[in-house]
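1. sharing a model prediction with you, sequence too.
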Amino acid sequence: MQHEEPREDDELLARVAAGNQGALSQLIARHGRGLRIFAARYLGNTGDAEDVVQEVFVTVWKQAARFDPARGRASTWLYRITANRCIDQRRRRALRAFIGLDDVGDSVPSEEADAETATAARQELAIVRDGLSRLPERQRTAVLLRAVADLDIAAIAEVMGGSAGSAEQLLVRGRRALRDHLRDHLAMAATGRERKSS
């Protein structure tokens with residue numbers, strides 16, 4: 001089954017290149033959810049993630065003929081396009097924020113913020129998300145491709161246009177930074193609780 005899926009994706013992309021909208025719909029059904037989760041984790045905003053994934057499939061519709069199955073899997077091609085669109089989106093958002101066009105506080109829905117404070121597990125998730133946002137861009141991309149997209153080292157290297165060794169180093173450094181970030185925040189929270197109880 002694992003060997004059949006990449007071939008099916010290749011066939012779908014070939015049909016998309018020939019102008020078959022039904023094939024595009026099938027690709028969206030197969031990969032849309034994973035791409036949205038990846039983009040939402042990368043950007044920290046589900047609305048921006050939806051916009052990015054729409055852009056990705058517009059690009060797929062226009063550029064499907066450029067996909068070469070001899071150079072890699074269709075799924076890594078889709079995630080590479082998505083990663084590039086996420087980087088573009090972050091740059092656009094950073095520029096808008098720098099100029100002062102973005103509303104402050106619209107990146108985290110209030111319901112989600114309330115829910116995250118409700119339990120320790122959600123608090124940890126919030127800390128990890130914060131840690132992710134602080135990672136260097138390539139580390140964050142590698143960690144998300146591994147954790148969310150479940151890509152292996154070779155596929156991550158392919159998506160990011162680097163070697164397997166460099167992808168592995170990015171993962172090691174990213175994970176270490178996230179663990180340190182989580183440990184430091186939990187230690188600070190524990191210290192705060194001890195001071196209140198004393």
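-> Yep, it's here. Numbers count the residues shown, from 1 in each chain.
2. elements contacting the helix or strand harbouring Leu27?
-> Assigned by DSSP states H and E, Leu27 belongs to helix 21-43. With contacts defined as 3 or more C-beta pairs under 8 Å, 6 or more residues apart in numbering; DSSP states H and E, helix 21-43 has these neighbours: helix 4-17, helix 46-63, helix 74-99, helix 137-147. Every C-beta, even on glycine, is put in place using the N, C-alpha and C of the backbone.
3. tell me the buried residues in the next helix-or-strand element following the shortest one?
-> Once helix 137-147 ends, the next helix or strand along the chain (criterion: DSSP H and E) is helix 153-160. Counting neighbours by 16 or more other C-beta atoms under 10 Å, one finds that the buried residues in helix 153-160 are Ile153, Ala155, Ile156, Ala157, Glu158, Val159, Met160.
4. which strands and helices lie in contact with helix 153-160?
-> Against helix 153-160 (3+ C-beta pairs under 8 Å, 6+ apart) you get helix 74-99, helix 137-147, helix 164-197.
5. could you tell me the angle between it and helix 137-147?
-> Compare the direction of helix 153-160 with that of helix 137-147 by axes from the mean of the first three to the mean of the last three C-alpha atoms, to 10 degrees and you get 130 degrees.
6. which of the buried residues of helix 153-160 lies closest to Glu8?
-> Set against Glu8, the nearest of these by C-beta to C-beta is Ala155 (17.1 Å).
7. so what's the closest one closest to, chain neighbours aside?
-> Thr76 (5.1 Å; C-beta to C-beta, 6 or more residues apart in numbering).
8. with Phe38 instead?
-> Val148 (4.9 Å).
9. now that neighbour: how far from Arg71?
-> 24 Å (C-beta to C-beta, to the nearest Å).
10. more neighbours, these two?
-> Neighbour count, other C-beta atoms under 10 Å: between Val148 and Arg71, Val148 has more, with 17 against 9.
11. quick one: contacts for the most centrally placed residue in the chain?
-> By C-alpha atoms, centre = their mean, the chain has its centre lying nearest to Phe38, at 2.9 Å. Residues near Phe38 by C-beta atoms under 8 Å, 6 or more residues apart in numbering: Tyr79, Thr82, Ala83, Cys86, Leu144, Leu145, Val148, Ala149.
12. list of residues touching stretch 14-34?
-> 9, 12-13, 53, 57, 60-61, 64-65, 67, 75, 78, 148-149.
13. out of those residues, which is nearest to Ala190?
-> Closest to Ala190, out of all of those and judged by C-beta to C-beta, is Val148, at 28.9 Å.
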